[in-house]
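S.K.: Predicted model, plus sequence, below.
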Amino acid sequence: MDTNDIRVAVLLIEGTNNEQEVYLAFKRLGADPELLHLKQLISKKDLSDYQCLMIPGGFSAGDYVRAGAIFAARIKSALRKQLMEFAENGYPIGGICNGFQVLVELGLLPALESKMSDYPQASLAINDSARFECRPTLLKHESKGNCIFTKDIPYQEVVLMPSAHAEGKFLFPLEKQDEYLQRLIDNDQVVFRYVDTQGNYASYPWNPNGSLYNIAAICNLEGNVFGMMPHPERVFYRYTHPDWTRVYKENGDGKAIFESVLEYIRRKF
């Protein structure tokens, strides 16, 4: 498939933001993205017309109940079957920040037993600081090849992407925590972990939320559903890095995320 034939649905409802940045990231790389309201996807569009689904950051529906819970409930009530088929057919689904929260609420992540669990197996809870954290974060790439969204990023490379969230603390139920975490590790589902400037796993402020195992991003068993709390779309260009005048980079660290998923689609479809 040619890049200009790849259609990307960037899904939004009231309260989402950063959808324009996600749209532009794919547009700059030659794909055919579309900003699509959930109501359009339910009543006028068909998910099968797209090769990638992205859920951007923000505060969908005001983050009432829990972050991402209302957006997820609305998606699941109308599109559960289509969403499961989309994932089962290998099409990429990505969620950034609030989008990650939505994917967890939907049961598409971590999806340890099936493509889509009937209930959330994890949560993205309130940050340990009990406040909104907006800061550059350093992430070590942990995926050994499973995640299609990070194929262009070398294993163990440290990248910088900004975080901006109040509920980003990745957790499992206490009674399942050790079991589920080990399964994530064994299945190569841990994609990024928070680190300090030396590349060491560290606590606050390097880990801005207190996330279990310093988890910043995960994928499903098959690697085609991906969620991360930091924002790759905000560092598409090198000059959007806070240290860009001191550290030369050819591209922004986030660009590789979008390049990786487009390369996967080109080869598979």
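M.R.: Looks like it arrived, so ask away.

S.K.: Asn119 - how many residues pack around it?
M.R.: To be clear, residue 119 is Tyr; Asn isn't right here. Around Tyr119 there are 6 other residues, counting by other CB atoms under 10 Å. All C-beta spots, glycine's among them, are computed from the backbone N, C-alpha and C.

S.K.: ok, it touching Val104?
M.R.: No - using CB atoms under 8 Å, Tyr119 is not in contact with Val104; the gap is 10.7 Å.

S.K.: Not counting stretch 233-253 itself, show me its contacts.
M.R.: Residues from elsewhere that reach stretch 233-253 (CB atoms under 8 Å, 6 or more residues apart in numbering): 18, 21-22, 24-25, 28, 56, 96, 136, 159-162, 232, 254-255, 258.

S.K.: Need the buried ones from those selected in PyMOL.
M.R.: To isolate the buried ones among the contacts of stretch 233-253 in PyMOL, judged by 16 or more other CB atoms under 10 Å, type:
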select buried, resi 18+21+22+25+56+96+159+160+161+162+232+254+255+258
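
S.K.: Helices - which of the contacts of stretch 233-253 land there?
M.R.: Residues of these located in helices (DSSP state H): 21-22, 24-25, 28, 255, 258.

S.K.: Dump the residues you listed into CSV; add distance to Pro92 as well.
M.R.: Compiled in CSV, those are given as follows (distance: CB to CB, whole Å):
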residue, distance to Pro92
Glu21, 18
Val22, 13
Leu24, 18
Ala25, 14
Arg28, 18
Lys255, 16
Phe258, 11
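
S.K.: Tell me the one among those nearest to Gly227.
M.R.: Gly227 has its nearest neighbour among these in Val22, at 13.5 Å by CB to CB.

S.K.: thinking that closest one is in contact with Met54, fair?
M.R.: Yes - Val22 is in contact with Met54 according to CB under 8 Å; the separation is 5.4 Å.

S.K.: what's the overlap in contacts for the two?
M.R.: Counting by CB under 8 Å, 6+ apart, the residues touching both Val22 and Met54 are 10, 96.

S.K.: Closest to the centroid, which residue in this protein?
M.R.: Gly227 (2.6 Å; CA atoms, centre = their mean).
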